[in-house]
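In: sequence first, predicted model second:
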Amino acid sequence: MTQFLNKTLPNGINVYVYPTDKFKTIVISVFLHQNLHQDLAAKTALIPFVLERGTKTWPTTRELVKYLENLYGADIITEIQKRGERQVLQFLLEIVNPLYIPEEKDLQRKGLQVLKEILTNPVVEGNGFKESYVKREKEIIKNLIEGLKNDKVSYAVERCIQEMCGDEKYGVYRLGKVQDLGGIDAANLYEYYRELLSRAPLDVFVLGEVNPDNIFSLMEETFDFSRENALEMEPTLIYKEVKEVRYKEERLDVNQGKITLGYRTNTAVKDDDYYALHFYNGILGGFPHSKLFQNVREKASLAYYSSSRLERDKGILLIASGIEIKNYDRALEIIQEQVKSISEGNISDYEFNSTRAGLLNHVRVSEDNPFQIINRHLGDTISGRQETTEEIIEQINRVTIGDVVKVAEKIRMDTIYFLRNKG
């Protein structure tokens, strides 16, 4: 039974602890939350990667990595996530459980000190971050943003989201825009980060074979820096009426067309029919037995791939298909037929039962991955729907075909995006 224990430290930091003997390592993940805004996205995305370059105690990546290696191969990972209409900065530490190293008594404390050092004591030159670190990370972010075009599948999905949510915060790319990088320098990035650390909501998740009371005490001792009142996180726009379907065609040097369809599900994680929506996605295109895979790819041979996915924190559903450009009209027609068939209740027992089995398997498999457990609970804290694994399984087992048809009635196509050749 996955159950996190929670305590809020005096400075407003939320600590979540999941004691389990299932893993031989302890995972500690720090999350800083910021509202997703175009003018801040690139600046926010830069921060975790600049901080990872070094600290005052270990001013280079080489020195930091060497120290972590001395902590029995400890590892630090930084990342920037987009969860609904917020950016989440992640700093993750994985260390071996001290129970397996009896001669090492302070491994947890040493590991936490590294995390604290990265967060609160970065390499500083004058009144800003180390200039060479910022310059290098700006170049890396620039290459990542521009390089998205090289992955045409991901690019088409991202472009559909941008078209679909162009007047919403969710339309902002998680790394921001290249043109916004030019105005960022070591000084203003450092000033921005100091404010962010002081005011952004901050969550710490600890998972492993630990004593909760000891961990809470150690957290209060380690993360003792002063903070101001937390920024208010703006709610993500979920429910939206579609007045007219948008169509966007983009031409690049491609041989294979990419159709991406964006739908408003008008269903939030906290809603009663949330799990019925998961069934809908699974039956439509989430598994190999799904309608899109079987009917668009296999039977009609109109797509190299065809699948659907939920953006659960935003309440939208995306269908992505790779096709021969000449087959666009027929492929679009058959894809839409699959959507319509679910709303009309044309769901076989095989499709429904296979989807239930797939969803249950996904839940159980995720219990074997500490990173997935933490990320799922992070999503729960953001959405306000916190459930144990057993409660999730119970919810999945309750869903009926009628529930799926009912949730389908709320789903509306919003955007058709077609990436095709220049010819």
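Out: That came through fine.

In: what about this protein, any weak spots by pLDDT?
Out: Confidence mapping of the chain against pLDDT under 70 gives the ranges 1-2.

In: quick one, domains of it?
Out: Annotated domains of the chain cover 5-222, 246-420 [automatic domain parsing].

In: could you tell me the end-to-end distance of the shortest one?
Out: Here the two ends of domain 246-420 are set 17 Å apart, with distance taken as CA to CA, to the nearest Å.

In: ok, and what's touching stretch 192-202?
Out: Residues outside stretch 192-202 that contact it (CB atoms under 8 Å, 6 or more residues apart in numbering) are 12-14, 30-34, 40, 43-44, 47, 51, 119-120, 122, 129, 225-231, 233. Glycine gets a C-beta too; all of them are placed from N, C-alpha and C.

In: try stretch 330-339
Out: So stretch 330-339 is contacted by 259, 261, 263, 284-285, 291-292, 295-296, 300, 302-303, 306, 319, 321, 323, 411, 413, 416 (CB under 8 Å, 6+ apart).

In: go on, stretch 8-23?
Out: Stretch 8-23 is contacted from outside by 2-7, 97, 201-212, 215-216, 219-220, 223-227, 229-230, 367-368, 370, 373, 377, 381, using CB under 8 Å, 6+ apart.

In: what about the helices in the stretch 101-250 of the chain?
Out: 107-120, 131-147, 152-164, 178-181, 186-199, 212-222 (DSSP state H, counting those that start in this stretch).

In: about what we covered before: and the domains of the chain: which comes nearest L237?
Out: Of all those, domain 5-222 sits nearest to L237, with 5.5 Å by CB to CB.

In: for the closest one, measure first residue to last.
Out: End-to-end distance (CA to CA), domain 5-222: 18 Å.

In: gap between the residue of the chain most remote from its centre and L112?
Out: In the chain, E103 marks the outermost C-alpha relative to the chain mean, sitting 37.9 Å out by CA atoms, centre = their mean. Per CB to CB, to the nearest Å, E103 is found 19 Å from L112.

In: same question for V157.
Out: 37 Å.

In: equivalent analysis for V204, please.
Out: Per CB to CB, V204 is found 9 Å from L112.

In: what does G262 give?
Out: For G262, the distance to L112 - CB to CB - is 42 Å.

In: what of L92?
Out: Per CB to CB, L92 is found 13 Å from L112.

In: between these two, which one's more packed in?
Out: Taking neighbours as other CB atoms under 10 Å, L92 and L112 compare with L112 leading, 23 against 19.

In: hmm, that one is touching D224, no?
Out: No. Assessed by CB atoms under 8 Å, L112 is found out of contact with D224, at 11.2 Å.

In: narrow the contacts of stretch 330-339 to those in helices?
Out: K291 (DSSP state H).

In: buried ones among the contacts of stretch 330-339?
Out: Using 16 or more other CB atoms under 10 Å as the burial test, those include 259, 261, 263, 284-285, 291-292, 295-296, 300, 302-303, 306, 319, 321, 323, 411, 413, 416 as buried.

In: returning to what we had before: could you dump the domains of the chain into a markdown table with distance to L237 added?
Out: Output for the domains of the chain, formatted as a markdown table (distance: least, CB to CB, whole Å):
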| stretch | distance to L237 |
| --- | --- |
| domain 5-222 | 6 |
| domain 246-420 | 8 |
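
In: what sits up against the host helix or strand of T381?
Out: Assigned by DSSP states H and E, T381 falls within helix 370-383. For helix 370-383, contacts defined as CB under 8 Å, 6+ apart pick out 2, 4, 14, 16, 18, 23, 25, 27, 29, 31, 83-84, 86, 88, 92, 203, 205, 207-208, 268-270, 312-313, 366-367, 386-387.

In: buried residues in the helix or strand that comes right after it, which are they?
Out: Remark: after helix 370-383, the chain's next helix or strand is helix 389-398, criterion DSSP H and E. Buried residues in helix 389-398, counted by 16+ other CB under 10 Å: 389, 392, 395-396.

In: over to stretch 232-244?
Out: Those would be 236, 238, 242, for stretch 232-244 by 16+ other CB under 10 Å.

In: L181 touches A45, doesn't it?
Out: No. L181 is beyond contact range of A45, at 9.5 Å (criterion: CB under 8 Å).

In: for I77, name its beta-bridge partners.
Out: L92 (DSSP bridges).

In: okay, now it: neighbour count?
Out: Neighbours of I77 under the rule other CB under 10 Å: 13.

In: would you confirm that it contacts L92?
Out: Yes. Contact criterion CB under 8 Å: I77 and L92 qualify, at 4.4 Å.
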